[in-house]
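Asks: heads up, no residue letters with this:
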């Protein structure tokens with residue numbers, strides 16, 4: 001009986017620590033935000049918190065700890081509510097003029113051992129605009145195999161070997177710029193039937209240190225704000241849906 005009592009107390013204490021830490025973490029996400037490494041990591045792994053929270057709620061209920069249960073249910077509901085919109089049907093469609101454009105972004109991973117499968121997935125999706133990251137010269141030599149995804153056989157591409165960034169399109173491409181300072185952003189213009197569209201393929205730095213990524217994304221957003229025509233920005237931002245820098249991008253771009 002004593003052992004069971006001690007175990008229950010230890011479980012309760014551990015659950016309280018988790019509950020209080022998460023209740024503190026949620027407001028701290030807004031200030032000081034991603035500057036704090038623990039906040040950054042919890043933002044990255046937010047969906048996986050449910051793996052611990054759901055059993056934790058069940059344990060608190062079994063232990064008949066009302067306030068502990070409420071303290072664990074609160075962050076559980078916040079995590080669920082944060083991600084639920086991503087799984088709801090989307091009825092809006094971004095249009096360039098009257099024609100829908102299918103855009104795909106794919107980090108191929110420079111040491112990809114399953115390139116055939118990756119190329120097969122791209123063929124399956126048949127994107128009008130394809131943004132690739134971590135493309136080595138060896139991978140780049142395989143990319144002409146994708147020309148068959150376009151019925152007319154036209155294949156336009158822009159490749160920056162230094163950054164590993166590639167843009168492939170069914171539309172003619174004009175190289176604009178390559179900006180390492182804006183998160184290894186390859187900028188091109190596409191000549192579509194609806195008029196020119198600017199396309200930026202981004203591969204931002206990892207957020208360690210956070211200041212480097214913050215400088216890149218801030219510079220990118222400032223440049224995007226100066227664009228007056230249609231603009232598509234995609235890629236691997238090395239951040240998450242709930243990070244401070246994602247919110248900075250989201251305020252500028254639809």
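Replies: Noted; the coordinates are in hand. Quantities reported herein were computed from a predicted structural model and do not represent experimental measurements.
Asks: state the mean pLDDT of stretch 194-205.
Replies: Stretch 194-205 shows a mean pLDDT of 95 in the predicted model.
Asks: contacts only, for residue 118.
Replies: Residue 118 makes contact with 106, 108, 112 under the criterion Cβ atoms under 8 Å, 6 or more residues apart in numbering. C-beta coordinates here come from the backbone N, C-alpha and C atoms, glycine included.
Asks: tell me the pLDDT at it?
Replies: Residue 118 is given a pLDDT of 96.
Asks: wait, is it part of a helix?
Replies: Yes - judged by DSSP: H, G, I helix; E, B strand; the rest coil, residue 118 forms part of a helix.
Asks: go ahead and confirm residue 189 touches residue 200.
Replies: No - look at residue 189 against residue 200 with Cβ atoms under 8 Å: they stay out of range, at 10.3 Å.
Asks: compare these two and say which is more crowded by neighbours.
Replies: Ranked by neighbour count (other Cβ atoms under 10 Å), residue 189 and residue 200 place residue 200 first, with 25 against 17.
Asks: helix, strand or coil for that one?
Replies: With three-state DSSP as the criterion, residue 200 reads strand.
Asks: can you map out the helices along this structure?
Replies: Applying DSSP state H to the chain gives helices spanning 2-28, 37-44, 49-62, 66-83, 115-125, 137-140, 210-225, 244-252.
Asks: distance of the closest residue to residue 145 other than its chain neighbours relative to residue 24?
Replies: Among residues not flanking residue 145 along the chain, residue 119 sits closest, at 6.1 Å (Cβ to Cβ, 6 or more residues apart in numbering). Counting by Cβ to Cβ, to the nearest Å, the separation of residue 119 from residue 24 is 46 Å.
Asks: comparing the two, which residue is more hemmed in?
Replies: When neighbours are counted by other Cβ under 10 Å, residue 119 comes out ahead of the other of residue 119 and residue 24, with 19 against 11.
Asks: mind listing what that one touches?
Replies: 142, 145, 146.
Asks: ok, now residue 221?
Replies: Counting by Cβ under 8 Å, 6+ apart, residue 221 has contacts 248, 249, 252.
Asks: what's the burial count for the last one?
Replies: Just to be clear, that refers to residue 252. Neighbour tally, residue 252, other Cβ under 10 Å: 15.
Asks: and the first one, by the same measure?
Replies: Burial of residue 248 is recorded as 16 neighbouring residues (other Cβ under 10 Å).
Asks: that one touches residue 218, doesn't it?
Replies: Yes - assessed by Cβ under 8 Å, residue 248 is found in contact with residue 218 at 7.1 Å.
Asks: name the helix or strand of the chain that has the lowest mean pLDDT.
Replies: Ranked by mean pLDDT, DSSP states H and E, the helix or strand of the chain with the weakest confidence is strand 95-96, at a mean of 52.
Asks: ok, back up a step: what's the closest of the contacts of residue 119 to residue 168?
Replies: Proximity of these to residue 168 (Cβ to Cβ) peaks at residue 146, which lies at 6.5 Å.
Asks: for that closest one, which non-adjacent residue is spatially closest?
Replies: residue 122 (6.0 Å).
Asks: how many residues are close by the one you found?
Replies: Counted with other Cβ under 10 Å, residue 122 comes out at 20.
Asks: so who does it touch?
Replies: Applying Cβ under 8 Å, 6+ apart, the residues contacting residue 122 are 104, 106, 130, 146, 149.
Asks: ok, and the most crowded of the residues you listed?
Replies: If you rank the contacts of residue 122 by neighbour count (other Cβ under 10 Å), residue 130 sits at the top with 24 neighbours.
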